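Peer 1: Structure for the following, please:
(one chain, ligands or ions: 1)
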Amino acid sequence: MMLWPRMALENRLSGEDYRFLLREKNLDGSIHYGSLQSWLQKTEERRRMMERGFLPQPQQKDYDDLCSLPDLNEKTLLENLRNRFKQEKIYTYVGSILIVINPFKFLPIYNPKYVKMYDNHQLGKLEPHIYAVADVAYHAMLQRRKNQCIVISGESGSGKTQSTNFLIHHLTALSQKGFVSGVEQIILGAGPVLEICYDLQEPGFLPVELTRSTGWGETLQFGCGILSFPIFDY
Ligand SMILES: Nc1ncnc2c1ncn2[C@@H]1O[C@H](COP(=O)(O)OP(=O)(O)OP(=O)(O)O)[C@@H](O)[C@H]1O
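Peer 2: Take a look at the predicted model:
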C-alpha cells in the first residue's frame, strides 16, 4: 500500500489529481516506464510531469531557424541564440533573414572549403552562414536576371563591416571575374567611402558588377552594401 505524505495532501490544489508512476531501471541505466510509455508520449500529462521533474527533461536542442522554435517567445528565442553562440554557432536564420552574433574572435569558418560547400546550395540545407546568404543572392541574380540587394543592419560594433567583407569575399570567389581582376580588394578599398555615407546618415550602396564570361549582353548588378538609416526611420 502507498500513502501520500500529509503535507502533500494539505498542499494539494482542488481539481488537481495525482497519479503514481512506476519506473524501472534497465541494465544500461536507462529508465523504463512500462505500458505508460505510449500514454505518456501522447498526453498533456507528460508535459506536466516533465515540468515537475518526474520525467526526464527534453534534450537541450537548438534550432538553426528561429521560425522552427516550438514555443516562440523572447525567452526561448534568446536562449536558443545563446545556446548556439556557446557552441560557436554565430549564425541563425529567421526564415531567409540571417542573425549574426559578433564572436569578437576568429572562427575557422571562412576558408575555401566553406566557399565550396555553400556554392549553389539550397538555403536551410546547411548550417546557417553568411556565405549561404551571399550564395542565394548570387544565384538568384543569375537565374532571375534581376539585381539583388542584401541589407545589413545592426548597432555600432555588431559586425556589419566584417559581414560585408565576408559577403564580398564569397561573391568574388563565386565570380571568376572577381578572382582574376582582384575586384575583392578594390571593393573592400571602397569601404571608407561607405563609412562617410554612414556619417552623413545617407544610405550607402556599393554596386558590384558581376557578369559571367559567357556574356548575356546585359549587366546585372549585385548591390552588396550597408544601408544606414537615421534612427527615426525605424
Ligand atoms: N564574424 C566575425 N568574426 C570575427 N570577428 C568579428 C566578426 N564580426 C565582427 N567582428 C569583429 O568585431 C569588431 C567590430 O566589427 P565591425 O567593425 O564589422 O562592426 P560595425 O557594425 O561595422 O561597426 P560600426 O557600425 O561602428 O562601423 C571588429 O573588430 C571585427 O573584427
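Peer 1: where's residue 48 relative to residue 79, distance?
Peer 2: For residue 48, the distance to residue 79 equals 21 Å [CB to CB, to the nearest Å]. The way it works is simple: take the backbone N, C-alpha and C, and place the C-beta from them, glycine included.
Peer 1: Beta-bridge partners for residue 149, please?
Peer 2: Beta-bridge partners recorded for residue 149 (DSSP bridges): residue 223.
Peer 1: That one: neighbour count?
Peer 2: 14 (other CB atoms under 10 Å).
Peer 1: Per-residue pLDDT of it, please?
Peer 2: Listed pLDDT for residue 149 reads 84.
Peer 1: Quick check: residue 95 touching residue 123?
Peer 2: No. The pair residue 95 / residue 123 is not scored as a contact, 9.3 Å apart, by CB atoms under 8 Å.
Peer 1: For the two, indicate the residue with more neighbours.
Peer 2: A count of neighbours by other CB under 10 Å puts residue 123 above the other of residue 95 and residue 123, at 16 against 11.
Peer 1: List the contacts of that one.
Peer 2: Listed by CB atoms under 8 Å, 6 or more residues apart in numbering, the contact partners of residue 123 are 93, 96, 132-133, 136.
Peer 1: Hmm, which of those is lowest in pLDDT?
Peer 2: residue 96 (85).
Peer 1: From the ligand, how far out is residue 148?
Peer 2: 21 Å (CB to the nearest ligand atom, to the nearest Å).
Peer 1: Which residue, neighbours along the chain excluded, lies closest to residue 85?
Peer 2: Nearest in space to residue 85, with sequence neighbours left out and distances taken as CB to CB, 6 or more residues apart in numbering, is residue 101 at 5.1 Å.
Peer 1: and the one you found, what pLDDT?
Peer 2: Reported pLDDT for residue 101: 93.
Peer 1: Can you get me a residue count around the residue in the chain that the ligand sits nearest to?
Peer 2: Residue nearest to the ligand within the chain: residue 159 (3.0 Å; CB to the nearest ligand atom). Residue 159 has 19 neighbouring residues, counting by other CB under 10 Å.
Peer 1: Just confirm residue 65 contacts residue 97, I think it does.
Peer 2: No. In this structure, residue 65 is not within contact of residue 97 by CB under 8 Å, at 9.8 Å.
Peer 1: And those two? Which one has more around it.
Peer 2: residue 65 (16 against 12).
Peer 1: what residues are up against residue 143?
Peer 2: Residue 143 neighbours (CB under 8 Å, 6+ apart): none.
Peer 1: where's it, which helix or strand?
Peer 2: helix 130-144 (DSSP states H and E).
Peer 1: Do that helix and the ligand come into contact?
Peer 2: No. Helix 130-144 stays clear of the ligand (CB under 6 Å from any ligand atom), getting no nearer than 7.5 Å.
Peer 1: Right, I'll leave it there.
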